[in-house]
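K.L.:
I would like the atomic coordinates for the input below:
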Amino acid sequence: MCSRNIVRAILYANFFLFVLFVIPLTNHWVNQGFLALRAMNLEDVAGRSMQVWLVASTIIATALFGLVVWKNRRAMLPVRTLKFEGFLLLGWWIIVLGACAYGFMLGMGG
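P.N.:
A predicted model of the protein is given here:
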């Protein structure tokens with residue numbers, strides 16, 4: 001049960017960060033924050049930390065979800081109990097792959 005809550009928390013945080021960077025108003029706030037960090041020479045550290053967090057948290061959430069599915073399968077519990085977490089994780093992976101494809105297409109455009 002605890003692993004399910006951790007998976008949800010990680011995915012909620014990732015969706016929140018994604019929304020912060022995508023919505024124009026909140027993106028402006030994020031840019032202002034990075035400009036403030038630039039004055040303290042922490043902009044690169046914050047940007048790198050964000051990249052590491054998004055990759056590591058996605059891998060951790062996927063591994064934890066796999067562990068929860070494995071434990072539920074061994075306990076003979078129905079898979080329906082994990083439907084919400086599965087949809088959250090699937091949605092996050094679709095967003096990640098879509099963002100990668102979008103970035104690749106922008107790079108190929110010249």
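K.L.:
going forward, measure contacts and count neighbours with C-alpha atoms only.
P.N.:
Will do.
K.L.:
Can you tell me, leaving aside adjacent residues, what's nearest to the residue nearest the centre of the chain?
P.N.:
Centrality entry for the chain: nearest residue to the mean C-alpha point is Asn14, 3.3 Å, by C-alpha atoms, centre = their mean. Counting by C-alpha to C-alpha, 6 or more residues apart in numbering, Asn14 lies nearest to Leu54, which is 7.0 Å off, once chain neighbours are set aside.
K.L.:
Assign a three-state SS to the one you found, would you?
P.N.:
At Leu54 the chain is in helix, as set by DSSP: H, G, I helix; E, B strand; the rest coil.
K.L.:
you'd agree Phe65 is up against Val7?
P.N.:
Yes: judged on C-alpha atoms under 8 Å, Phe65 makes contact with Val7 at a distance of 6.7 Å.
K.L.:
Looking at these two, which is more packed in?
P.N.:
More neighbours surround Val7 than the other of Phe65 and Val7, with 24 against 21 (other C-alpha atoms under 10 Å).
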